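whatever this is, show me its structure:
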Amino acid sequence: MSDPKSAAAPPAEWLAQMAEVIDEMLWVRDTATGGLIYSNAAFERFWGAVRPGSPDTQLEHVAAADRDHLKRLRADAATSPYTTEYQVHLPAADKRPPRVARVRERAFRTRAPSGQDWI
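Residues are numbered from 1 along each chain as shown. As a prediction, the model looks like this:
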(Lines give C-alpha, C1' and ligand atoms only; values in the text may rest on other atoms or scores of the structure.)
Protein backbone atom coordinates (compact mmCIF):
# COMPACT_ATOMS: atom_id res chain seq x y z
CA MET A 1 0.00 0.00 0.00
CA SER A 2 1.41 3.39 -0.91
CA ASP A 3 1.68 6.31 1.45
CA PRO A 4 -0.73 9.14 0.47
CA LYS A 5 1.94 11.68 1.45
CA SER A 6 4.26 10.32 -1.23
CA ALA A 7 1.59 10.45 -3.95
CA ALA A 8 2.15 12.81 -6.88
CA ALA A 9 -1.08 14.73 -6.26
CA PRO A 10 -1.22 17.28 -3.42
CA PRO A 11 -3.12 15.95 -0.36
CA ALA A 12 -6.25 18.10 -0.90
CA GLU A 13 -6.50 17.01 -4.53
CA TRP A 14 -5.93 13.38 -3.56
CA LEU A 15 -8.67 13.55 -0.93
CA ALA A 16 -11.13 15.15 -3.37
CA GLN A 17 -10.42 12.45 -5.96
CA MET A 18 -10.99 9.73 -3.38
CA ALA A 19 -14.19 11.35 -2.08
CA GLU A 20 -15.67 11.44 -5.58
CA VAL A 21 -15.44 7.68 -6.06
CA ILE A 22 -16.63 6.37 -2.70
CA ASP A 23 -20.28 5.41 -2.22
CA GLU A 24 -20.61 7.10 1.17
CA MET A 25 -21.78 10.69 1.36
CA LEU A 26 -19.16 13.22 2.37
CA TRP A 27 -19.75 16.88 3.04
CA VAL A 28 -17.98 19.71 4.83
CA ARG A 29 -19.62 22.74 6.45
CA ASP A 30 -18.20 25.99 7.79
CA THR A 31 -18.86 26.02 11.55
CA ALA A 32 -19.28 29.81 11.62
CA THR A 33 -21.90 30.09 8.87
CA GLY A 34 -23.25 26.55 8.56
CA GLY A 35 -22.71 26.93 4.83
CA LEU A 36 -21.76 23.96 2.69
CA ILE A 37 -18.12 24.07 1.60
CA TYR A 38 -17.85 20.71 -0.15
CA SER A 39 -20.04 17.75 -1.06
CA ASN A 40 -19.11 14.65 -3.01
CA ALA A 41 -21.02 12.93 -5.81
CA ALA A 42 -22.73 10.46 -3.43
CA PHE A 43 -24.09 13.37 -1.36
CA GLU A 44 -25.41 15.08 -4.49
CA ARG A 45 -27.03 11.86 -5.76
CA PHE A 46 -28.86 11.41 -2.46
CA TRP A 47 -29.85 15.02 -1.63
CA GLY A 48 -29.71 16.57 -5.08
CA ALA A 49 -27.29 19.26 -6.15
CA VAL A 50 -26.62 21.77 -3.39
CA ARG A 51 -24.79 25.03 -4.00
CA PRO A 52 -21.59 25.68 -2.02
CA GLY A 53 -22.30 28.15 0.77
CA SER A 54 -25.94 27.11 1.02
CA PRO A 55 -27.43 26.72 4.50
CA ASP A 56 -28.46 23.39 5.98
CA THR A 57 -31.62 22.82 3.95
CA GLN A 58 -31.42 19.06 4.47
CA LEU A 59 -32.94 19.46 7.95
CA GLU A 60 -36.36 20.18 6.46
CA HIS A 61 -36.38 16.59 5.15
CA VAL A 62 -35.37 15.00 8.47
CA ALA A 63 -38.27 13.26 10.24
CA ALA A 64 -39.83 15.48 12.91
CA ALA A 65 -39.04 12.91 15.60
CA ASP A 66 -35.30 13.14 14.77
CA ARG A 67 -34.91 16.82 13.85
CA ASP A 68 -34.40 18.46 17.27
CA HIS A 69 -31.90 15.81 18.34
CA LEU A 70 -29.92 16.26 15.12
CA LYS A 71 -29.95 20.07 15.48
CA ARG A 72 -28.52 19.77 19.00
CA LEU A 73 -25.80 17.39 17.88
CA ARG A 74 -24.83 19.61 14.96
CA ALA A 75 -24.79 22.72 17.15
CA ASP A 76 -22.25 21.07 19.47
CA ALA A 77 -20.21 19.27 16.80
CA ALA A 78 -17.28 21.70 17.02
CA THR A 79 -16.59 20.49 20.55
CA SER A 80 -18.39 17.11 20.66
CA PRO A 81 -17.94 14.70 17.75
CA TYR A 82 -20.93 12.44 17.18
CA THR A 83 -22.41 9.54 15.26
CA THR A 84 -26.17 9.31 14.87
CA GLU A 85 -28.89 7.88 12.66
CA TYR A 86 -32.03 9.61 11.49
CA GLN A 87 -34.88 9.17 9.05
CA VAL A 88 -35.43 11.45 6.06
CA HIS A 89 -38.45 11.94 3.82
CA LEU A 90 -37.33 12.95 0.35
CA PRO A 91 -39.72 14.39 -2.21
CA ALA A 92 -40.01 13.15 -5.77
CA ALA A 93 -37.19 14.50 -7.92
CA ASP A 94 -36.34 14.01 -11.57
CA LYS A 95 -37.66 10.53 -12.31
CA ARG A 96 -37.47 9.27 -8.71
CA PRO A 97 -40.63 8.83 -6.63
CA PRO A 98 -40.79 10.18 -3.06
CA ARG A 99 -38.83 7.99 -0.68
CA VAL A 100 -37.99 7.42 2.98
CA ALA A 101 -34.42 6.58 3.97
CA ARG A 102 -32.23 6.20 7.06
CA VAL A 103 -29.00 8.18 7.22
CA ARG A 104 -26.06 7.48 9.50
CA GLU A 105 -24.09 10.66 10.10
CA ARG A 106 -20.69 11.02 11.74
CA ALA A 107 -19.34 14.51 12.41
CA PHE A 108 -16.17 15.96 13.87
CA ARG A 109 -14.32 19.26 13.77
CA THR A 110 -11.30 19.75 11.57
CA ARG A 111 -9.31 22.83 10.60
CA ALA A 112 -9.03 24.21 7.10
CA PRO A 113 -5.56 25.21 5.87
CA SER A 114 -6.68 28.80 6.55
CA GLY A 115 -7.33 27.91 10.21
CA GLN A 116 -11.13 28.17 10.11
CA ASP A 117 -13.15 25.37 11.72
CA TRP A 118 -14.95 22.93 9.46
CA ILE A 119 -17.31 20.09 10.30
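
spatially nearest residue to the residue nearest the centre of the chain (excluding sequence neighbours)?
The geometric centre of the chain, computed from its C-alpha atoms, lies nearest to residue 27 (C-alpha atoms, centre = their mean), at 2.8 Å. Closest residue in space to residue 27, ignoring its immediate chain neighbours: residue 39 at 4.3 Å, by C-beta to C-beta, 6 or more residues apart in numbering. Placement of C-beta: from N, CA and C, glycine included.

now residue 74
Here the residue nearest residue 74, using C-beta to C-beta, 6+ apart, is residue 107, at 6.9 Å.

now the residue nearest to the centre of the chain: how far from residue 103?
Look at residue 27 and residue 103: by C-beta to C-beta, to the nearest Å, they are 11 Å apart.

likewise for residue 44?
According to C-beta to C-beta, residue 44 and residue 103 sit 14 Å apart.

compare those two (neighbour count), which wins?
Using other C-beta atoms under 10 Å as the criterion, residue 44 and residue 103 rank with residue 103 on top: 17 against 13.

off-centre distance for the helix or strand in which that one is found?
Mapping residue 103 onto the secondary structure by DSSP states H and E places it in strand 99-107. The chain centre lies 11 Å from the centre of strand 99-107; the measure is C-alpha atoms, centre = their mean, to the nearest Å.

mind listing what's buried in that strand?
Within strand 99-107, the residues scored as buried using 16 or more other C-beta atoms under 10 Å are 103, 105, 107.

now do the same contact list for the second one.
The neighbourhood of residue 105, defined by C-beta atoms under 8 Å, 6 or more residues apart in numbering, consists of 70, 82-86.

would you agree residue 70 is in contact with residue 85?
No - in this structure, residue 70 is not within contact of residue 85 by C-beta atoms under 8 Å, at 9.7 Å.

these two: which has the busier surroundings?
residue 70 (20 against 10).

which secondary structure elements does the strand or helix carrying that one contact?
Per DSSP H and E, residue 70 falls inside helix 64-75. If you count contacts as 3 or more C-beta pairs under 8 Å, 6 or more residues apart in numbering; DSSP states H and E, helix 64-75 packs onto strand 82-90, strand 99-107.
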